[in-house]
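A.B. asks: Predicted coordinates and the sequence they were generated for:
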Amino acid sequence: MKRKTSILIVGGTGFIGYHLAKKAQEYKWSVTSLSSKAPPKKRYLSGVKYLICNISNKKKLQKKIKKKYFNYVVNLGGYVNHFEKKKTYRSHYLGCKNLADIFIKNYPKSFLQMGSSGEYGNLKSPQKESSKCFPITVYARAKLSASSYLLKLFKEKKFPVTILRLYQAYGPKQDLNRFVPIIISNCIKNSKFPCSEGRQFRDFVYVDDVVSAIIKGLKNKNVLGKIINIGTGKPIKIKNIIQFINKNISGGHPLYGRVKLRKDENLKTYPDLKNAKKILRWKAKIKFYDGLKKTIRFYKNERKNAG
């Protein structure tokens, strides 16, 4: 009997991890999630094996996954809190390094690392994978350090790594402390809420498109040892997003200008997608406002069902 394809999703209880696990189950893959906490009720999937461990702790991590073989490993894990810089750096760099150091003894077919557009820093758009990076935040510096370490392993030991450098993901079941859910939630509650002037342009990718990029990244040998940008290439003005949500829900009172822009903030970020199209053979399918309508409907229904 043919053995099931197996996948380990580090950060499988998170927003993207949940959607990836769900898609992997549709492919009849054996799915294991590794996270620092048990999944919240809204992101629990029957049939997924949930392992609880902090990836920054190498000894405990080794005990959790020693002697286990996975066809695919996807690292979506890590802690993000700009006030806890040490913890953020450790989880994204040291956590990734620990995973790679363990799996280098038992190579999967593919180890996919989720990078961040923040690695580019204030680089002018369209941002290219070959450009020198100037990360500003601790999170972005940790991501870049992880990318550099993995690419070194590929070069020296042919460790089968692919790095997807992701722009802004959004969609149903995202945590309420993220930009799109924050705006939707405040508009549903008809609240006043502070926001920036909205002059920034950002590239938003619907979560189903992110998952399709991950699946292609795992299966495509041509992307091994490469960094691939994941976005739409069509940046949207932040103020336009707020106004669209505000109008669609008919509620909420955005207080523009109450949140000040960072002095070093890059006002327009979007990726060069030549490698995504030519090497990964991937292109985002969901138009931004179509995905946004789906996302708004999800949070409206969630609010309604909660009573």
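C.D. replies: Right, received. Where do you want to start?
A.B. asks: ok, and what's touching the lowest-mean-pLDDT helix or strand in the chain?
C.D. replies: Ranked by mean pLDDT, DSSP states H and E, the weakest helix or strand in the chain is helix 85-89, scoring a mean of 90. For helix 85-89, the surrounding residues in contact (CB atoms under 8 Å, 6 or more residues apart in numbering) are 78, 79, 80, 81, 82, 138, 139, 141, 142. C-beta: built from backbone N, CA, C; applies to glycine.
A.B. asks: next one: it to chain centre, how far?
C.D. replies: Chain-centre distance of helix 85-89: 18 Å, with CA atoms, centre = their mean, to the nearest Å.
A.B. asks: Show me which residues of that helix are buried.
C.D. replies: Under the neighbour-count criterion of 16 or more other CB atoms under 10 Å, helix 85-89 has 87, 88, 89 buried.
A.B. asks: Likewise for stretch 42-59?
C.D. replies: By neighbour count with 16+ other CB under 10 Å, stretch 42-59 contains the buried residues 43, 45, 48, 50, 53, 54, 55, 56, 57, 58.
A.B. asks: Against residue 293, how distant is the third one?
C.D. replies: Read it as residue 48. Shown here: residue 48 relative to residue 293, a distance of 29 Å by CB to CB, to the nearest Å.
A.B. asks: Now do the contacts for the nearest residue to residue 110 once chain neighbours are set aside.
C.D. replies: Leaving aside its sequence neighbours, residue 110 sits nearest to residue 218 (CB to CB, 6 or more residues apart in numbering; 4.7 Å). Listed by CB under 8 Å, 6+ apart, the contact partners of residue 218 are 7, 72, 74, 109, 110, 112, 162.
A.B. asks: Now with 10 Å, please.
C.D. replies: The neighbourhood of residue 218, defined by CB atoms under 10 Å, 6 or more residues apart in numbering, consists of 5, 7, 20, 24, 71-74, 108-112, 160, 162.
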